[in-house]
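In: This is a predicted model, with the sequence first.
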Amino acid sequence: MHNTRPYKGFALNRDGSELADLEVNSSRVAHIPVLAGTLAEQINLPTDGVMVDATIGQGGHSFLFGRKLGPEGVLIGLDVDKDSIQRAHLKLKDLQCRVILIRGNFSQISEQLSAQHIEKVDFILADLGLCSSQLADAKMGLSFQMDSPLDMRIDERLNTTAADIVNKSDEKSLADLIYKFGQDRASRRIARFIVGLRQGRPITTTAQLAAIVCKALQRPGGKKWTRIHPATRTFQALRIAVNNELENLEKLLDVAPKLLNKSGHIAIISYHSLEDRLVKNNFKQNKKENVYSDCTKKPIVPSRQEIVENPRARSAKLRIAQKS
Ligand SMILES: C[S@@+](CC[C@H](N)C(=O)[O-])C[C@H]1O[C@@H](n2cnc3c(N)ncnc32)[C@H](O)[C@@H]1O
């Protein structure tokens, strides 16, 4: 367990950053904000600043920045998941600044801000991926570690579930998807097994799918195929597809320069190379065109100590850019 000590109703991580640890519907899953100390060092918000947390989650990062804002400051939080909005509300309700929480997709950040009559902001933060509480939420069906319905929608208003994709796609589309979003070289073999085994018995649970992928990748003598669980990449691919993750990120990156004040910052924490590549290329191109005056040359990664304390941080990459 993490080394924590109680402090004003929250718990403190060893580096002093608070843990988002709140009770919602009697479930209690802590989400530790990743690279929080580094972000706080890099971004200096004026007390009357305007910040958008495009992925508010449990409000961990927002709390750290929000408490530096005074009564004239504004913190806008977006999240597609309604439980995240509830949790963030509990965490942020006592901040001095104006807090606006909106259930919405960051791909529509412009529309969300104009609806609040906000044109420009000083800081946009997106901590991509999922909260620990979402991974632990059986109804979301995101993890192969437990058996749950094969859903994977973070926003239940979306129409297509992972089960729809797995049961309705033809073999080639399925293989392409697992290759493109999961970067799994065994994608064709996995797709063949899925299509073969779904005949007469649709795949409706995470355990069923995980078992099929394991079977597809089984090596003679029961030897392990990879260091990671064989279903990791297939699950990643389906989650990215179901939630349009890369498309949403591209939209956010495209619109961000128009929303940032001069010298304002955008910071993105990504958790897999597909996301990080989009961020890297976008920042680089915008720097070349003088839209951004500066951007992180190499991604900032968590320290060894942070990874020990929060293993979820191990794949995190932070990139920051500053508007010219
Ligand atoms: C890693 S968590 C953020 C945790 C947060 N930084 C904290 O410290 O508590 C990512 C959050 O982004 C949300 N999310 C994912 N895609 C989104 C999107 N396109 N628009 C808005 N929220 C999104 C998820 O529902 C999740 O709550």
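Out: Yes, it's here. Bear in mind the structure is a predicted one, so any value in this text is a computation, not a measurement.

In: from here on, contacts and neighbour counts on C-alpha atoms
Out: Noted.

In: ok, and what's touching the longest strand anywhere in the chain?
Out: As far as residue count goes, and with DSSP state E defining each element, the longest strand of the chain is strand 260-270. For strand 260-270, the external contacting residues (Cα atoms under 8 Å, 6 or more residues apart in numbering) are 43, 120-129, 256, 276, 279, 315-324.

In: Which segments of this structure make up each domain?
Out: 5-134+245-323, 159-242 (automatic domain parsing).

In: Out of these, flag the one nearest the ligand.
Out: Between the ligand and the domains of the chain, the shortest separation by Cα to the nearest ligand atom is 3.3 Å, and it involves domain 5-134+245-323.

In: is that closest one anywhere near the ligand?
Out: Yes - judged by Cα under 6 Å from any ligand atom, domain 5-134+245-323 comes into contact with the ligand at 33, 54-61, 78-81, 84, 104-107, 127-131, 248.

In: Drop anything exposed from those.
Out: Members of the residues of domain 5-134+245-323 next to the ligand that pass the buried threshold by neighbour count (16 or more other Cα atoms under 10 Å) are listed as 33, 54-61, 78-81, 84, 104-107, 127-129, 131.

In: buried ones in the longest strand of the chain?
Out: Of the residues in strand 260-270, 260, 261, 262, 264, 265, 266, 267, 268, 269, 270 count as buried by neighbour count, 16+ other Cα under 10 Å.

In: where along the chain do the strands fall?
Out: Using DSSP E, the strands of the chain run over 5-7, 10-12, 18-19, 50-53, 74-79, 98-103, 121-127, 260-270, 292-295, 317-323.

In: Tabulate these (a markdown table), appending mean pLDDT.
Out: As requested, those are exported to a markdown table (pLDDT from 0 to 100):
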| stretch | mean pLDDT |
| --- | --- |
| strand 5-7 | 24 |
| strand 10-12 | 26 |
| strand 18-19 | 28 |
| strand 50-53 | 98 |
| strand 74-79 | 98 |
| strand 98-103 | 98 |
| strand 121-127 | 98 |
| strand 260-270 | 98 |
| strand 292-295 | 94 |
| strand 317-323 | 98 |
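
In: My read is that residue 189 contacts residue 214, right?
Out: No - the pair residue 189 and residue 214 does not pass the contact test of Cα atoms under 8 Å, sitting 11.1 Å apart.

In: Between these two, point out the one with more neighbours.
Out: Of the pair residue 189 and residue 214, residue 214 is the one with more neighbours under other Cα atoms under 10 Å, namely 18 against 14.
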